[in-house]
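Colleague: need a structure here:
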Amino acid sequence: MRQTVLDYDAEADRYDETRGGVPRARAAADAVLRLVPPGARTLLDLACGTGLVTERLTRPGLRVYGADAAPGMARTAARRVPGGVVLADARRLPLPDASVDAVSAVWLLHLVPFTEAIVAEAARVLRPGGVLIATVDKDAAHDVGSDVDAVLAPHRSYAKSSDRADRIAAHAAARGLEPAGATCFTGHGQGATPRGAAHKLRSGYFVSWFEGSPETTATLAAELAALPDQDRPRDDPEYRLVSYRRPVRRG
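Modeller: Numbers count the residues shown, from 1 in each chain. Predicted coordinates:
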């Protein structure tokens, strides 16, 4: 599968304004906190990006850290979470075994082909009773049943999605993590427009689920261009968060 990879250093300065800003970040942070165990003292936010979500993961007694592999993103996040951000690959965290109570991975697993390694590393650093919290099925969440989606639906396939819920569940189980809960939150500001969808289609933005020919792309772009209200956002997506717990061994 071809991957369209953003230059996250170059994107750091404008990333938040193109991703729903504070309302989307607040909704994500609130959802993560719903799945963090009451007694948790430490949380590591993987691929924290600009720290817009990370700085909102606040709760009395909870110390929050962020990690990101892109220097530009990490620098921006460090301004929001002073002393709490490290430059690190999510597959090789600079932490000892069993050292944190929660690990969050919001909008990360759909971007990479090595989700198994990320889940394994999260499991390694979790204390007994700790949880991994991650978004799953992100691409599928953007199909809200709109007229835009009706045009694209015949060409959607999630067979290769790296954040497919069943795939992440299998990776978690392989590392001894048990299902612990789930919740949803609204992706504010992420509703598709016909004009925007056509642009993304032509730019290869949908490559994770669309593999049509150039001719198919041109046909679909024309169909999208024929829809009414070209710049009116359709419904926002509802993202899904799942959590997996490292069990406490008795005896």
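
Colleague: Could you grab the helix/strand/coil label for Tyr244?
Modeller: Taken by DSSP: H, G, I helix; E, B strand; the rest coil, the conformation at Tyr244 corresponds to strand.

Colleague: State the number of residues packed around it.
Modeller: With neighbours defined by other CB atoms under 10 Å, the count for Tyr244 comes to 27. C-betas here are computed from N, CA, C, even on glycine.

Colleague: One more: Asp89?
Modeller: Asp89 has 16 nearby residues by other CB under 10 Å.

Colleague: Spatially nearest residue to it (excluding sequence neighbours)?
Modeller: Leaving aside its chain neighbours, Asp89 sits nearest to Ala69 (4.9 Å; criterion: CB to CB, 6 or more residues apart in numbering).

Colleague: Which parts of the stretch 51-200 of the chain are helices?
Modeller: Residue ranges of the helices in the stretch 51-200 of the chain, as given by DSSP state H, counting those that start in this stretch, are 71-80, 115-125, 138-141, 147-152, 165-174, 194-203.

Colleague: Put the alpha carbons of the first one into CSV.
Modeller: Below are the C-alpha coordinates for helix 71-80, written out as CSV (Å, rounded to 0.1, in the frame of the first residue of the first chain):
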residue,chain,number,x,y,z
PRO,A,71,11.6,17.6,16.3
GLY,A,72,9.3,20.4,15.1
MET,A,73,6.3,18.9,16.8
ALA,A,74,8.2,18.1,20.0
ARG,A,75,9.5,21.7,20.2
THR,A,76,6.0,23.1,19.9
ALA,A,77,4.6,20.6,22.4
ALA,A,78,7.4,21.4,24.9
ARG,A,79,6.1,25.0,25.0
ARG,A,80,2.7,23.7,26.0
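
Colleague: what packs against that helix?
Modeller: Packing partners of helix 71-80 (3 or more CB pairs under 8 Å, 6 or more residues apart in numbering; DSSP states H and E): helix 8-11, strand 63-68, strand 85-87.

Colleague: list the buried ones in the shortest one?
Modeller: It stands for strand 85-87. Within strand 85-87, the residues that qualify as buried are Val85, Val86, counting by 16 or more other CB atoms under 10 Å.

Colleague: Distance from that strand to the middle of the chain?
Modeller: The chain centre lies 18 Å from the centre of strand 85-87; the measure is CA atoms, centre = their mean, to the nearest Å.

Colleague: Parallel or antiparallel, list what pairs with that strand.
Modeller: Counting by DSSP bridges, the strands paired with strand 85-87 are strand 63-68 (parallel).

Colleague: Apart from its neighbours in sequence, what residue is nearest Gly196?
Modeller: According to CB to CB, 6+ apart, the nearest residue to Gly196 is Asp231 (7.9 Å).

Colleague: List the contacts of the one you found.
Modeller: Thr193, Arg195, Gly196 (CB atoms under 8 Å, 6 or more residues apart in numbering).
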